[in-house]
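Undergrad: The sequence isn't on hand, but the structure is:
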């Protein structure tokens, strides 16, 4: 009799160790949290003979449970579990969850599961050291005995899954940190490119104090940097009601067309009016339907950026750059163009001042 009991105990231990090894292999197959939980739940259900189950992870910031690896549970039950609040008298709003909270959470989950008509229900805590991670929910049809496994075995299953969950969470955190670091490094590289571009523009516009030369050099450099072919610079007239075309690139215009577009009335040109009124870049994704585009005969023009040219808080004119393909100007490009607009505006102010002083000297 004793030998038979011992044999049965050894067989049970052997069965449980084999089961634990199979669950560990399944849980450690991946470091992706979703895959870890999908495979783990499926393997545990297969081994313990449960009909349905899932893993409920504690989401501390949202004070909710997230549901993973769902097998055999109704969508209604999953929804109720996912919306079960972890607050009230048992949990302080600012407090973190510890292992003791798992038992209170388990009681709430068990009540919801019973209301949903689940038969035999088993809840295993998932933890890592003293940190509460979540719960493994297993459900049977009542005829199949979830109780055939020892409590030691079931708790070890919970510990194995808890460790796998924690490893996957750490992996996700590391991946997130790496992604943030990559973004930060890209931001640094982008800023370096912007500074280099601004330095190139400054070197270009400061080569001369002749206004026409400044405008031509500035537009050429901006188009080169942006990889564009079409652009123009307009300056406000003394009355401030029109923008006079000073330089343009990328379009062959007849004298008649130049005459018609050389003075743009601000009130009749929404893109120019918007940029002048706000002092901010104005972007238009498709300009092919604008009257001026039809006038110059370039239906292939697509995206437009109008950049105010500013100095000492005043708008002196605009720079317009146009792409031949649909283009979404990025935040970084708009930021760069805004800074370039300020640099060109300062150069225009300096060239005008220089011209004024030259004229004054000539009159002496």
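TA: Ah, there it is. Note that the structure is predicted; figures quoted are calculated from it, not measured.

Undergrad: strand partners of the helix or strand harbouring residue 305, parallel vs antiparallel please.
TA: According to DSSP states H and E, residue 305 maps onto strand 304-311. Strand 304-311 has its sheet partners listed here by DSSP bridges as strand 282-284 (antiparallel), strand 314-322 (antiparallel).

Undergrad: hmm, who's touching that strand?
TA: Strand 304-311 has contacts (C-beta atoms under 8 Å, 6 or more residues apart in numbering) with 233, 235, 271-272, 274-276, 279-284, 287, 315-323, 329, 333-334, 337-338, 340-342, 344-346, 348-349. C-beta: built from backbone N, CA, C; applies to glycine.

Undergrad: Let me see the domain layout of this protein.
TA: 2-177, 206-363 (automatic domain parsing).

Undergrad: which one of the ones you listed lies closest to residue 187?
TA: domain 206-363 (8.7 Å; C-beta to C-beta).

Undergrad: Endpoints of that closest one, how far apart?
TA: End-to-end span of domain 206-363 (C-alpha to C-alpha, to the nearest Å): 26 Å.

Undergrad: tell me the SS of residue 66?
TA: strand (DSSP: H, G, I helix; E, B strand; the rest coil).

Undergrad: now the one 3 residues further on
TA: On the three-state scheme (three-state DSSP), residue 69 is labelled strand.

Undergrad: what sits against it?
TA: The contact partners of residue 69, taken as C-beta under 8 Å, 6+ apart, are 37-42, 53-55.

Undergrad: ok, now residue 45?
TA: Here residue 45 is in contact with 51-53, 71-72, 138 (criterion: C-beta under 8 Å, 6+ apart).

Undergrad: Now do the helices in the stretch 51-200 of the chain.
TA: Using DSSP state H, counting those that start in this stretch, the helices of the stretch 51-200 of the chain run over residues 75-82, 99-115, 151-205.

Undergrad: hang on, the earlier thing: want to throw the strands paired with strand 304-311 into JSON lines with distance to residue 206 and mean neighbour count?
TA: JSON lines is the format used below for those (distance: least, C-beta to C-beta, whole Å; neighbours: other C-beta atoms under 10 Å):
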{"stretch": "strand 282-284", "distance to residue 206": "27", "mean neighbour count": "18"}
{"stretch": "strand 314-322", "distance to residue 206": "16", "mean neighbour count": "22"}
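
Undergrad: Ok, which of these comes nearest residue 192?
TA: Among these, strand 314-322 sits nearest to residue 192 (C-beta to C-beta), with 22.1 Å.

Undergrad: Next, the buried residues of the helix or strand just after the closest one.
TA: Using DSSP H and E, the helix or strand that follows strand 314-322 in sequence is helix 331-363. Counting neighbours by 16 or more other C-beta atoms under 10 Å, one finds that the buried residues in helix 331-363 are 333-334, 336-337, 339-352.

Undergrad: if we can go back for a sec, neighbour-wise, which one of the contacts of residue 69 leads?
TA: Within the contacts of residue 69, most neighbours by other C-beta atoms under 10 Å means residue 40, with 28 neighbours.
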